[in-house]
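For reference, the sequence and a predicted model appear below.
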Amino acid sequence: MKNMKIKTYNESIDLGDGRTITIETGKLAKQAHGSVVVQMGKAMLLCTVVSNYEASKVDFLPLTVDYREKFAAAGRYPGGFFKREARPSDGEVLTMRLVDRVLRPLFPKDYHSEVQVMIQLMSHDEDVMPDALAGLAASAAIQLSDFPFECAISEARVARIDGKFVINPSRTQLANADIEMMVGASADSVMMVEGEMDECSEEEMADAIKFAHESIKIQIQAQERLAKAVGKKEVREYETSVENEELAQKIHDASYDKCYEIAKKGTSKAERSLAFSNVKEEVKGSFSEEEIEEHGKLISKYFNKSQKEAIRELTLSEGIRLDGRKTDEIRDIWCEVDYLPSTHGSAIFTRGETQALATVTLGTSREANKIDMPSYEGEETFYLHYNFPPFCTGEARPLRGTSRREVGHGNLAQRGLKGMIPDDCPYTVRVVSEVLESNGSSSMATVCSGTMALMDAGVQITRPVSGIAMGLISDGDRYAVLSDILGDEDHLGDMDFKVTGTSEGITACQMDIKIKGLSYEILVNALKQARDGRLHILNKITETIERPNADVKSHSPKMVTSRIPNEFIGPFIGPGGKVIQELQKTTGCTIVINEDPETEEGIVEILGTDQEGIDSVLAKIDSLLFKPEKGNTYNVKVIKLLDFGAVVEYLDAPGNEVLLHVSEIAWERTENVSDVLKLGDELEVKYFGTDPRTRKEKVSRKALLEKPEGYVERPPRAPRSDNRGRDNRGRDNRGKR
């Protein structure tokens, strides 16, 4: 039987530094509507796309982007009892969001068939970060399908390392980067940007985006060549939405001016919503029940369109926004720190109708956030969690665990703050943001409340960080950049971008750009306006708390670290952990030991609220490391009496004991040790090192006493013989007298 012949198609992308990316199709998953394998080094991603031919009943695009990393790709087993990949990790969720945000706008607004984009890491390479290839794989697979999709896109990671921009660097290279961003774009427009920076300028950020876009154009050309070689399929037919221009004009004429006037009044969110709702009901009241039943969805659609046009025109022509602000004006802000009495740090940040309450918890390395992915294993000693409950927008909806949105917004806030946590911070730091109200950028409110909570907790951050959400409205000829956008402005605008930073520069950003061909001049101008807004907010923060508190709160744990040689770790822990467990119990401290492979030392972390308990642990370590020096004098305490001497303990090193022999107690002969010493007596002894004859440490009290007048040294005792005719020095004495 002959082997089946498989026809494959390949395209290669040269990154310009000896590295290449290949796209292959025709070998795997041929029943999918489009499938590709993207390979860079030994890293291989399989991407498949499928879309149902029947439209779903929902009035939106049911798109699912799923990214998974298989543990077998790295030759590893999944953790957990069942040894099977389960729910996606936060890292996988973040990659899904990066791809979804670029793909979703390119499907037609009236395409409602379910679409699944599944991307799987099948082979891992330590020198390749696979998430940078996911957008390329998704777009390449869609180009081979018959989906109605506007144009090819791709994504690339750009980093500035030693002053030079690098596309898709390795994780090792990324450790030395001062700018790191993921950029998603089509051939002519940047669509998505997300990343973190080491306080860079607006111009430097724009330069990084330009550099990434040039590489993306090359990746798009490779996709187009591949699609042409395979044979581009004709776009499938689907049920398009029915339009009614006459109806649209009627609704526009009836609602536009009224919506314009409502928007111009600058009222609150609740008042606006009610006023717009009343106008909508008036418009619907002009139609018969039969017309509403037939055109109900179109009436709502055209009213929303008219409302959107009125609000946009008000901003472009008069520079007035929904709540009455000017384009560069920030909403009223109030802040408070130390609000929660039992937390290690807390702060409230309220800007307009958006409010975030942040808490800080301090812990040891044991509380570090463990990351276990096939492409990366590590831990975070600073991490931030973001919660967005339904009541913050006045809604009641099911609680279904942490959403992808919460993961994404928390990650953005974490990236904005983490660069300000000093390297020598001894704690594991967890920030939790509870969003209590939301009408425009709760993630940026999280950054502001988080930075204040950190300072309230006594974490010595390098500089405070603020964040702002910006918007853009443009009709091609005119444009307006909006500072501190509302939720409604996010929906109706052409660009939503969030920027965090200090007084020195940008620390993180996230952009979703909805218009084509946005000029870099407009982008830089928008970023500069964002800087002015950030600095205004930063001033409000520092008016509330200017700098980190000098110390942690009295009820917060204090962290002290100490180092001990590796050979002492075992004795410090004790058999079965007996010593360290007892020490934790008696001192009330948490003790964690980590080995430092570079110095061959153990790093002991001591966490406790009671300074006396911390001092007790440090004393135990000092005692363990105590080594008396020959010729020195030490204070000791009698802890046990024996027939042949007394066991004494060094006062400077409790737990370190040595035998004071009866012959070293006094110059006179001591018949009974108890005649001279009592339990608890404190005295001075001189240390003579290790006796080579007995191999035991020798201390003497009498060496510090004045020799009695007329004292005569006793002659040394004659060696005693053993039963085998040898003296105690090992010499044969048989037959000798």
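In hand now; what should we look at? Numbers count the residues shown, from 1 in each chain.

Tell me the spacing between residue 15 and residue 167.
Noted for residue 15: a distance of 6 Å to residue 167, by CB to CB, to the nearest Å. Backbone N, C-alpha and C define where each C-beta goes, glycine included.

what is in contact with the two at once?
Shared contacts of residue 15 and residue 167 (CB atoms under 8 Å, 6 or more residues apart in numbering): residue 215.

who's more crowded, these two?
When residue 15 is set against residue 167 and neighbours are counted by other CB atoms under 10 Å, the residue ahead is residue 167, at 22 against 16.

quick one, what contacts that one?
For residue 167, counting by CB under 8 Å, 6+ apart, the contacting residues are 15-16, 156-158, 211-212, 215.

Out of those, which end up buried?
Among these, those classed as buried by 16 or more other CB atoms under 10 Å are 15, 156-158, 211-212, 215.

about what we covered before: just give me the closest of the contacts of residue 167 to residue 50.
residue 156 (25.7 Å; CB to CB).

so how far is residue 215 from the residue lying closest to residue 227 once chain neighbours are set aside?
Counting by CB to CB, 6 or more residues apart in numbering, residue 227 lies nearest to residue 143, which is 4.4 Å off, once chain neighbours are set aside. Separation of residue 143 from residue 215 (CB to CB): 18 Å.

Repeat that for residue 325.
Distance from residue 325 to residue 215, counting by CB to CB: 39 Å.

Mark which of the contacts of residue 167 are part of helices, please.
Mapping these onto helices (DSSP state H) picks out 211-212, 215.

Can you add pLDDT and give those residues back as CSV?
CSV is the format used below for the ones in helices among the contacts of residue 167 (pLDDT from 0 to 100):
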residue, pLDDT
211, 96
212, 96
215, 96
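
I'd like these as TSV, with distance to residue 245 appended.
Converted to TSV, the ones in helices among the contacts of residue 167 look like this (distance: CB to CB, whole Å):
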residue	distance to residue 245
211	45
212	41
215	43
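
and which of those is nearest to residue 351?
Among the ones in helices among the contacts of residue 167, residue 212 lies closest to residue 351 (CB to CB), at 31.5 Å.

Is it correct that the residue nearest to residue 227 is in contact with residue 34?
Yes - contact status for residue 143 versus residue 34: in contact at 7.2 Å, counting by CB atoms under 8 Å.

just the strands in the stretch 451-600 of the chain please.
466-474, 479-483, 495-501, 506-513, 558-565, 590-596 (DSSP state E, counting those that start in this stretch).

any chance you could map the helices in the stretch 501-650 of the chain?
520-544, 569-573, 578-587, 611-625 (DSSP state H, counting those that start in this stretch).

Quick one: residues contacting the closest residue to residue 44 other than its chain neighbours.
Beyond its immediate neighbours in the sequence, the residue positioned closest to residue 44 (CB to CB, 6+ apart) is residue 123, lying 4.0 Å away. Shown in contact with residue 123 (CB under 8 Å, 6+ apart): 39, 42-44, 73.

repeat that with 10 Å
Counting by CB atoms under 10 Å, 6 or more residues apart in numbering, residue 123 makes contact with 37, 39, 41-46, 70, 72-75, 130, 374.

Parallel or antiparallel, list what pairs with the lengthiest strand in the chain.
Counting by DSSP state E, the longest strand found in the chain is strand 43-55. Using DSSP bridges, strand 43-55 pairs in its sheet with strand 34-40 (antiparallel), strand 113-123 (antiparallel).

Tabulate these (TSV), appending distance to residue 238 and mean pLDDT.
As requested, these are exported to TSV (distance: least, CB to CB, whole Å; pLDDT from 0 to 100):
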stretch	distance to residue 238	mean pLDDT
strand 34-40	16	97
strand 113-123	6	97
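
got the ones you listed as a markdown table, with distance to residue 648 columns?
As requested, these are exported to a markdown table (distance: least, CB to CB, whole Å):
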| stretch | distance to residue 648 |
| --- | --- |
| strand 34-40 | 69 |
| strand 113-123 | 65 |
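
For residue 178, find the nearest of those.
Between residue 178 and the strands paired with strand 43-55, the tightest spacing by CB to CB is seen for strand 34-40, at 23.9 Å.

And that closest one, how far out from the chain middle?
Centroid separation for strand 34-40 versus its chain: 29 Å, with CA atoms, centre = their mean, to the nearest Å.

Next: stretch 246-258.
Counting by CA atoms, centre = their mean, stretch 246-258 comes out at 48 Å from the chain centroid.

try stretch 327-344
In terms of CA atoms, centre = their mean, the centre of stretch 327-344 is found 23 Å from the chain centre.

swap in stretch 376-394?
Mean C-alpha position of stretch 376-394 versus that of the full chain (CA atoms, centre = their mean) differs by 9 Å.

re earlier: ok, so of the contacts of residue 123, who is nearest residue 427?
Nearest to residue 427 out of these is residue 374 (CB to CB; 29.4 Å).

who touches the closest one in this structure?
If you count contacts by CB under 10 Å, 6+ apart, residue 374 has them with 68-76, 78, 85, 89, 91-92, 121, 123-124, 130.

8 Å - rerun?
So residue 374 contacts 69-71, 73-74, 76, 121, 124 (CB under 8 Å, 6+ apart).

can you tell me which two in those residues are farthest apart?
Taking CB to CB, no two of the contacts of residue 374 sit farther apart than 76 and 121, at 11.9 Å.

who's more crowded, these two?
Between residue 76 and residue 121, residue 121 has the larger neighbour count (other CB under 10 Å), namely 28 against 14.

still on that earlier bit, now a PyMOL select for only the buried ones of the contacts of residue 123.
Of the contacts of residue 123, the buried ones go into a single PyMOL selection, burial set by 16+ other CB under 10 Å:
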select buried, resi 37+39+43+44+45+46+70+73+74+130+374
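
Return the member of the contacts of residue 123 nearest to residue 233.
If you rank the contacts of residue 123 by distance to residue 233 using CB to CB, residue 37 comes first, at 19.2 Å.

With that, I have no additional questions.
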